[in-house]
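[1] Provided below for reference: sequence and predicted model.
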Amino acid sequence: MQIYIVCIELLLSACLSGILAKKEDEPISEDKGVLVLTENNLNQALKQHSQLLVHFYAPLSGESLGSILEFAKAASELKETKSSVKLGKIDVSKEKDLAKVLNVTTVPSLRLYISGDKYNPVQCPVLKSSTAILTWLKRREGPSADLITDLSQLESLTAEEELVVLGLFKDVETGLVRLFYDVAADIADLPFCVTGSKQIFSKYNIFDDSVVLLRKSKTAEMFKLTSQTVKEDVIHFIRVHEMPLVTEYNGMTSSKILNSVVQNHLVLFTDKAKKGFKQIYRAFKSTAKEYRGKILFVLIDAGEPRNGRILEYFRVRREESPLVRMVNLTDNLQYQLPSDQLDIQTITDFCQSYLQGKVKPKLQSEPIPDGWDKQPVKELVGINFERVAFNEKKNVLVLFYAAWSSESRALFPLFEDLAKHYNDTEDVVVARIDITANDVNILMTDRYPSIKLFPAVYAERVVPYSGPNELEPIVEFVNAGRAQAKEDKAKEEIERKKYLDAQKEATKEEL
Ligand SMILES: *[C@@H]1O[C@H](CO)[C@@H](O)[C@H](O)[C@H]1NC(C)=O
Ligand SMILES: *[C@@H]1O[C@H](CO)[C@@H](O)[C@H](O)[C@H]1NC(C)=O
Ligand SMILES: *[C@@H]1O[C@H](CO)[C@@H](O)[C@H](O)[C@H]1NC(C)=O
């Protein structure tokens with residue numbers, strides 16, 4: 001039976017490819033020199049071009065957009081050099097079946113199909129610029145690193161580039177240097193050069209075959225090669241050390257950060273324009289050195305309007321900064337540094353505990369504590385917050401606090417007093433929530449600790465309190481809020497009644 005089905009499938013696919021073959025005679029349309037590939041014409045394109053570099057993209061993804069333009073640029077440059085490489089693109093959002101057949105899992109991504117082999121393409125790293133695409137292709141064909149014979153040649157190169165990868169080899173023809181060429185072929189976004197010059201060896205005080213990263217001609221890092229070294233070791237070394245100690249997140253660095261070989265990222269959210277920034281940054285950077293290769297240190301400027309999206313992604317409000325969060329890119333869990341003291345010791349301790357698996361991830365909600373509503377001050381968490389706070393029968397006074405902040409904890413006794421004060425008042429609830437352990441679905445525009453009233457109306461309304469943290473003014477604030485709520489709710493009732501009556505009329509007419 002099994003074999004039978006397979007036979008039918010074979011027959012069908014033979015028929016289908018026959019149909020496809022007929023269609024394949026049409027010329028393949030191009031967009032800015034890039035073949036527009038589909039399920040129907042891919043086989044034909046593979047047959048016609050012995051080297052076909054295919055760009056898989058989704059037009060609606062922001063990341064794809066930039067790469068589409070750069071890809072078209074690369075195509076026109078390739079045409080000028082009469083290269084045998086042809087570029088093509090596949091819109092994965094349209095060609096869903098084809099993407100599945102080709103096992104495409106990420107966009108944007110690039111693959112080089114050689115000699116029409118659909119099954120074994122060369123994966124190309126995600127290259128952000130047309131120059132990088134061309135470099136990658138060139139390095140696959142010819143020598144992948146430029147040979148440098150004297151110091152002045154090297155100096156003119158390092159003057160031009162932010163970072164240069166230099167291979168120093170006693171023998172620049174055979175042996176370990178081949179490994180270096182292989183590495184260079186794989187890393188198209190950095191300039192590589194090779195030298196056997198004694199002058200350069202002695203300038204950098206190097207005696208053995210080595211790879212050196214040069215930042216503006218200064219040695220940044222060195223890696224000694226031995227017969228045991230494999231390509232992946234060198235790539236890892238370069239990828240870890242090409243990043244500065246602290247990388248600021250922006251349009252240029254975002255893909256480097258996301259594609260980093262280091263999977264643990266410590267992210268500092270801070271407003272660079274605010275005072276105190278320099279001190280925190282210094283502490284952050286000093287700690288970074290110790291964790292190189294284990295943790296990538298990233299800075300996100302919370303004062304930069306273009307970072308709105310990324311702040312939203314992390315659910316960090318600008319007003320909360322400065323704060324530090326660890327992100328495990330493997331499982332996407334986040335861990336908040338539980339302190340507002342951001343010095344070397346605190347950051348180091350946090351990194352250490354995290355790597356030892358001793359830190360608890362930041363959860364959207366803590367579990368509802370046993371007897372949360374039995375104490376005078378009700379204990380809210382993410383899950384029960386909305387249900388309690390937005391209750392049209394209760395005026396709910398909430399303290400938003402951070403468990404680790406002493407300023408927050410100082411308000412606990414005051415809230416006990418408030419709860420006592422309202423003990424016999426049916427329509428007032430006094431509550432508190434640890435806002436660093438629980439996410440709530442309201443706009444928080446201030447830092448904790450903060451006090452807000454959720455008045456007893458149907459609308460989901462929040463009234464922030466901004467007076468002194470003392471019993472009397474808060475009681476006045478709550479009572480004023482209650483009175484207002486009573487008035488507003490009466491209006492709401494009238495509106496609701498009108499609405500319901502209109503609904504009734506409408507149903508009557510329909511009948
Ligand atoms: C896709 O993956 C499946 C299973 O791993 C494999 O059988 C198939 O040949 C792959 N297709 C291509 C085009 O690589
Ligand atoms: C990051 O997540 C992965 C996958 O869950 C896990 O194996 C790894 O231990 C985590 N890293 C740390 C440092 O907790
Ligand atoms: C609150 O009132 C109840 C009775 O209504 C009383 O039993 C309880 O002791 C009071 N609690 C406080 C903290 O005063």
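    On my side now, so go ahead. Residues are numbered from 1 along each chain as shown. Ligands and ions are numbered 1, 2, ... in the order given.
[2] OK, contacts around the residue of the stretch 151-300 of the chain found nearest ligand 2?
    Here the stretch 151-300 of the chain gets closest to ligand 2 at one residue, residue 264, 5.6 Å apart by C-beta to the nearest ligand atom. Just so you know, the C-beta spots here come from the backbone N, C-alpha and C atoms, and that holds for glycine as well. For residue 264, the contacting residues are 294, 295, 296, 326, 327, 328, 329, 354, 355, by C-beta atoms under 8 Å, 6 or more residues apart in numbering.
[3] restricted to buried residues, select those in ChimeraX.
    To isolate the buried members of the contacts of residue 264 in ChimeraX, using 16 or more other C-beta atoms under 10 Å:
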select :295,296,326,327,354
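[4] closest one of the contacts of residue 264 to residue 185?
    Distance to residue 185 across these (C-beta to C-beta) is lowest for residue 296, with 24.9 Å.
[5] check which helix or strand the closest one maps to.
    When elements are assigned from DSSP states H and E, residue 296 belongs to strand 295-301.
[6] now that strand, how far from the chain's geometric center?
    How far strand 295-301 lies from its chain's middle: 11 Å, per C-alpha atoms, centre = their mean, to the nearest Å.
[7] which outside residues touch it?
    The contact list for strand 295-301, computed with C-beta under 8 Å, 6+ apart, reads 243, 245-249, 257, 260, 262, 264-272, 281, 284-285, 287-288, 291, 307, 310-311, 314, 326, 351, 355.
[8] now the buried members of those.
    Using 16+ other C-beta under 10 Å as the burial test, the contacts of strand 295-301 include 243, 246-247, 249, 257, 260, 262, 264-271, 281, 284-285, 287-288, 291, 307, 310-311, 314, 326, 351 as buried.
[9] among the residues you listed, name the ones in helices.
    257, 281, 284, 285, 287, 288, 310, 311, 314, 351 (DSSP state H).
[10] identify the residues contacting the last one.
    In other words, residue 351. Contact analysis of residue 351 by C-beta under 8 Å, 6+ apart lists 266, 287, 290, 291, 295, 326.
[11] ok, the closest residue to ligand 3 within the stretch 351-500 of the chain - contacts?
    Ligand 3 sits closest to residue 423 of the stretch 351-500 of the chain, with a gap of 3.7 Å, by C-beta to the nearest ligand atom. Residue 423 makes contacts with residue 376, as judged by C-beta under 8 Å, 6+ apart.
[12] let's see 10 Å
    376, 430 (C-beta atoms under 10 Å, 6 or more residues apart in numbering).
[13] with residue 410 instead?
    Counting by C-beta under 10 Å, 6+ apart, residue 410 makes contact with 401, 449, 469.
[14] keeping just the C-alphas, turn stretch 136-150 into CSV.
    C-alpha atoms of stretch 136-150 as CSV (Å, rounded to 0.1, in the frame of the first residue of the first chain):
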residue,chain,number,x,y,z
TRP,A,136,31.3,37.8,0.0
LEU,A,137,31.0,36.7,-3.7
LYS,A,138,34.5,37.8,-4.5
ARG,A,139,36.0,36.1,-1.6
ARG,A,140,34.4,32.8,-2.6
GLU,A,141,36.2,33.0,-5.9
GLY,A,142,39.6,34.5,-5.4
PRO,A,143,41.9,34.9,-2.5
SER,A,144,39.7,36.0,0.4
ALA,A,145,42.2,38.3,2.1
ASP,A,146,44.5,40.9,0.6
LEU,A,147,48.2,40.2,0.8
ILE,A,148,50.2,43.0,2.5
THR,A,149,53.9,43.2,2.1
ASP,A,150,54.9,46.2,4.2
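[15] any buried residues in that stretch, and which?
    Using 16+ other C-beta under 10 Å as the test for burial, stretch 136-150 gives 136, 137, 138, 139, 140, 144, 145, 148.
[16] buried ones in whichever strand or helix holds residue 234, by neighbour count?
    Taking DSSP H and E as the definition, one finds residue 234 inside helix 231-241. Neighbour counts over helix 231-241 (16+ other C-beta under 10 Å) mark 233, 234, 237, 238, 239, 240, 241 as buried.
[17] can you list those in a markdown table and add pLDDT and distance to ligand 1?
    Shown next, in a markdown table, are those (pLDDT from 0 to 100; distance: C-beta to the nearest ligand atom, whole Å):
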| residue | pLDDT | distance to ligand 1 |
| --- | --- | --- |
| 233 | 93 | 28 |
| 234 | 95 | 28 |
| 237 | 93 | 31 |
| 238 | 93 | 29 |
| 239 | 89 | 26 |
| 240 | 89 | 31 |
| 241 | 91 | 34 |
